[in-house]
Structures are given as C-alpha cells and as structure tokens.
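> Quick one, structure for this:
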Amino acid sequence: SMLLLISVGEGFRSGQHRQLATFGNDLIMMWGGTIPAVPNQHTGMRPYNLTLSDADAIRTEAPDVRGAVALLNRDDVKQQSQYQTAGGDVVGTEPNYDQIRFLPIAEGRFLNDDDMKNRNHVIVLGQKSAQLLFPGRPAMGEIVTLNGTRFTVIGVAAKFGHGNNDSENQKVYIPLSVMLEMFPIKGENIPHDSVTSIQYQPRIRGDNLIAKAQVHDIVARRHGFDPKAPEAFNEWDTIRTEQLVGKIFTAMDVFLGGVGVVTLALGAVGIINIMLVSVSERTREIGLRKAIGATSRSILLQFFLEGLILTGVSGLIGIAGSALFMYLLRSAIGQGVQGFDPPRLVPWSAALAIGALSACGIIAGLYPAGKAAALEPVEALRRE
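I've put the predicted structure just below:
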C-alpha cells in the first residue's frame with residue numbers, strides 16, 4: 001500500500017511537470033492590466049495595451065531576461081482552405097516564438113526573420129488545424145485564406161500535449177508584422193503596434209523575480225505608471241507555479257508516505273504476532289535442542305533467519321502485487337490524462353518498504369527467540 005500511495009503521488013507530480021513543460025521552459029507570460037487614468041492619481045482606472053516596442057525594450061534593456069516574444073491573438077479571423085473551414089486562434093508572433101514556447105514542427109519550418117521583415121504571407125498550421133483544413137491531404141505548400149487573404153503553408157506543427165488539447169493544436173501562426181498590418185487591435189487611443197501578450201524567460205531560472213522586476217520597471221516607465229501598482233500587470237509565472245506545485249506534492253508525498261508507514265506498521269505487527277505464536281508453540285522443540293547440545297546462539301540464528309525469510313517473502317509479494325496493479329492501471333489509462341501520469345514503481349520507496357519490513361521481522365524474530373534461547377532446557381520442556 002505504501003508503494004501504491006507514493007507511486008500515485010509521483011504520478012501527479014510528473015504529470016503536472018509535464019503539463020507545464022508543454023507551454024515552455026521557465027516561461028513568464030504578461031498581459032496588460034489597468035493603471036490610473038491620470039498618472040499618480042487613483043480616482044479612475046483605465047486598461048492599457050502592451051506593444052511590440054515594449055518587447056523590443058525588454059530584449060535590449062533587461063539584463064536578466066534571456067529572451068522575449070510578442071504575441072497578437074485573434075479568435076475572430078475566418079480560416080478557410082479549398083476543402084474546409086476551421087476555427088481556432090490566429091497568432092501573430094515573432095520568429096523566436098518556438099525558442100521560448102514549446103512548438104515542435106513536424107513538417108516544413110517555422111517563421112523566420114525574412115518573413116517578419118518582408119511581411120510574407122506565410123502560415124504555420126497547428127496539427128489539428130491541418131487536419132481540419134486539409135482532411136486526409138498534405139498541407140505543405142497549400143493556400144489558406146484568412147478573412148479572404150491568401151497565405152502559403154510553410155510548416156505544420158506536431159501534436160503535443162495529452163488528450164484533446166485542441167486549443168493549442170488548433171492555433172495557426174503568421175508573422176507579427178503581417179498580423180499588425182491586417183488584423184490589429186482596434187480602438188480609441190490604442191497604439192498601432194499593440195499586442196495581446198509578451199512572454200519571456202529569465203536568464204537564470206532562479207532569478208525569475210529579478211527578471212520580473214526589471215520588466216515591470218521598463219513597461220511602467222514606457223507607459224507612465226508606478227511599477228508597483230497592484231493591478232498594472234496580469235501575469236503567469238510558470239516557474240513560481242512549478243515551485244508551488246512541487247511543494248504541494250512534496251507535502252502530499254509526506255502525507256501518503258505517513259499513511260503507508262502506518263499501514264506498514266500494521267503489517268509488521270502481524271509478522272510479530274506470527275513469530276511470537278511460532279516461538280511459543282515451539283518452546284518444547286527449543287528445550288529438546290538445548291538438551292542435546294544446541295547453543296543459544298544457534299537457536300537465536302534459526303529464528304532470526306526464519307523472521308528474515310518471512311519478511312522478505314511477504315515484501316517481495318507486496319512489491320510484485322503493487323507492480324502488477326500499476327501495470328494494469330497504466331494499461332487502463334494509456335499514456336496518462338491531463339495533469340496525471342500513470343503511477344510507476346519508485347525504487348527508493350520499494351527499498352524503504354523492504355528495509356522497514358526487514359527491521360520489523362528481525363525484531364519480531366529476535367525478541368521471542370532471545371527469550372526462548374535464554375530458557376534452561378528443563379524449564380523449556382516443562383512449558384509443554
């Protein structure tokens with residue numbers, strides 16, 4: 001039971017880590033928040049938009065930021081091929097997107113600097129989008145229209161994530177320069193290069209708070225507000241999230257391990273009782289052996305080995321049963337569900353279980369055997 005509980009906890013831990021990794025490593029996502037309508041006053045608040053210029057400033061002025069990418073997302077752009085139409089987000093982004101976000105390319109290539117500079121009408125399809133727009137057909141080199149404008153398919157992403165992860169696999173990607181020209185964010189007093197979000201990575205994983213402070217200072221200075229304004233930034237720090245998840249599952253491991261130890265202790269009590277009954281029923285045998293010359297040491301060694309063998313066999317049966325249950329569970333759920341990996345046998349927990357059972361078996365064998373070995377032959381024979 002201890003092995004199963006710890007294995008389930010490790011399944012949750014690795015599943016959460018894998019799910020975060022599908023976004024990208026050491027990623028911090030930032031969206032525009034709300035700031036005072038009049039600088040240094042709090043009588044009214046207004047939203048503000050991040051811009052491509054903000055992303056450029058972060059790349060050049062934040063020494064602890066390794067890389068940053070700007071994104072402009074639209075979910076109201078009609079995608080159509082000569083065969084089908086599809087929904088999903090159209091993402092205008094920069095060529096370094098696939099260096100910061102996790103986006104494996106199955107065919108072709110991702111956007112490059114020439115696409116961005118020359119405003120090329122090229123598009124990279126997510127795996128699900130390619131299936132919907134070109135069912136049963138190759139998508140490379142084909143034409144996709146976005147609100148009637150033709151784009152050439154230069155790449156198709158591989159499927160990533162577990163289960164029906166259609167929201168990510170159904171995105172399509174075009175150069176941000178084209179997106180800003182054709183499908184910008186519109187509204188009064190909105191900068192022409194407004195973007196939906198800026199996503200960046202700290203140069204060193206442990207310096208995520210330092211990197212965030214530098215980014216906050218840059219954006220606040222450019223938009224004229226206090227970087228410590230409480231609602232100025234909407235953010236998701238995946239590093240911080242992973243640290244919190246790690247602490248939660250460490251606490252869960254301790255709890256599940258504690259439950260397992262209690263269960264293990266109950267099993268050890270059972271072994272002790274078996275050994276005590278065995279020794280009490282064989283007191284006459286012990287007396288006879290001592291009467292014909294057996295030493296206390298040989299009797300002690302006999303019961304020590306019996307307790308050790310009983311413990312070892314029961315431990316191996318328990319490990320085999322746990323491994324079989326985990327195999328059946330893996331077969332039932334396949335490669336795992338979102339946020340949970342199939343449980344697997346954790347070597348250190350198996351070693352801990354065998355060690356604890358062995359210690360209990362040794363104690364269980366030595367204590368009654370020591371008492372029996374200390375008996376005089378006549379007294380041992382008289383007990384029967």
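
> would you put the C-alpha positions of stretch 319-332 in PDB?
C-alpha atoms of stretch 319-332 as PDB (Å, rounded to 0.1, in the frame of the first residue of the first chain):
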ATOM      1  CA  ILE A 319       6.100  -5.400  -4.400                       C
ATOM      2  CA  ALA A 320       5.000  -7.800  -7.100                       C
ATOM      3  CA  GLY A 321       1.400  -7.100  -6.300                       C
ATOM      4  CA  SER A 322       2.000  -3.300  -6.400                       C
ATOM      5  CA  ALA A 323       3.900  -3.600  -9.700                       C
ATOM      6  CA  LEU A 324       1.000  -5.700 -11.200                       C
ATOM      7  CA  PHE A 325      -1.600  -3.200 -10.100                       C
ATOM      8  CA  MET A 326       0.400  -0.300 -11.600                       C
ATOM      9  CA  TYR A 327       0.800  -2.200 -14.900                       C
ATOM     10  CA  LEU A 328      -2.900  -2.800 -15.000                       C
ATOM     11  CA  LEU A 329      -3.600   0.900 -14.200                       C
ATOM     12  CA  ARG A 330      -1.100   2.100 -16.900                       C
ATOM     13  CA  SER A 331      -2.900  -0.200 -19.400                       C
ATOM     14  CA  ALA A 332      -6.200   1.200 -18.500                       C
END
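
> in it, what's buried?
319, 322-323, 326, 329-330 (16 or more other Cβ atoms under 10 Å). In short, each C-beta sits where N, CA and C put it, glycine included.

> just stretch 218-238 next, same as before
218-220, 222-223, 225, 227, 229, 232-233, 237-238.

> ok, so of those residues, who is nearest residue 140?
residue 238 (32.0 Å; Cβ to Cβ).

> dump the residue contacts of the closest one.
Going by Cβ atoms under 8 Å, 6 or more residues apart in numbering, residue 238 touches 20, 23-24, 26-29.

> Was I right to think residue 229 contacts residue 48?
No: checked against Cβ atoms under 8 Å, the pair residue 229 and residue 48 is beyond contact range at 10.7 Å.

> list residues touching both of those two?
Counting by Cβ under 8 Å, 6+ apart, the residues touching both residue 229 and residue 48 are 33, 35.

> Show the model's pLDDT score for residue 257.
Looking at residue 257, its pLDDT is 70.

> burial count for it?
If you count neighbours by other Cβ atoms under 10 Å, residue 257 ends up with 17.

> in a helix, that's where residue 73 is, yeah?
No: with DSSP: H, G, I helix; E, B strand; the rest coil as the criterion, residue 73 is assigned strand and is not in a helix.

> pretty sure it contacts residue 88?
No: applying Cβ under 8 Å as the test, residue 73 and residue 88 come out as separate, 10.3 Å apart.

> Neighbour count for the two, which is higher?
Higher neighbour count among residue 73 and residue 88: residue 88, with 21 against 17, using other Cβ under 10 Å.

> So that one, which state does it fall into?
Applying three-state DSSP: residue 88 is coil.

> Run through the residues that contact it.
Counting by Cβ under 8 Å, 6+ apart, residue 88 has contacts 75, 79, 126, 128-129, 166-167, 170-172.

> now the residue nearest to residue 232 when sequence neighbours are not counted: how far from residue 224?
With sequence-adjacent residues excluded and distances taken as Cβ to Cβ, 6 or more residues apart in numbering, residue 232 is closest to residue 33, at 4.7 Å. For residue 33, the distance to residue 224 equals 14 Å [Cβ to Cβ, to the nearest Å].

> before we move on, the earlier item: out of the buried residues of stretch 218-238, which comes closest to residue 105?
Of all the buried residues of stretch 218-238, residue 238 has the smallest distance to residue 105: 21.9 Å, by Cβ to Cβ.
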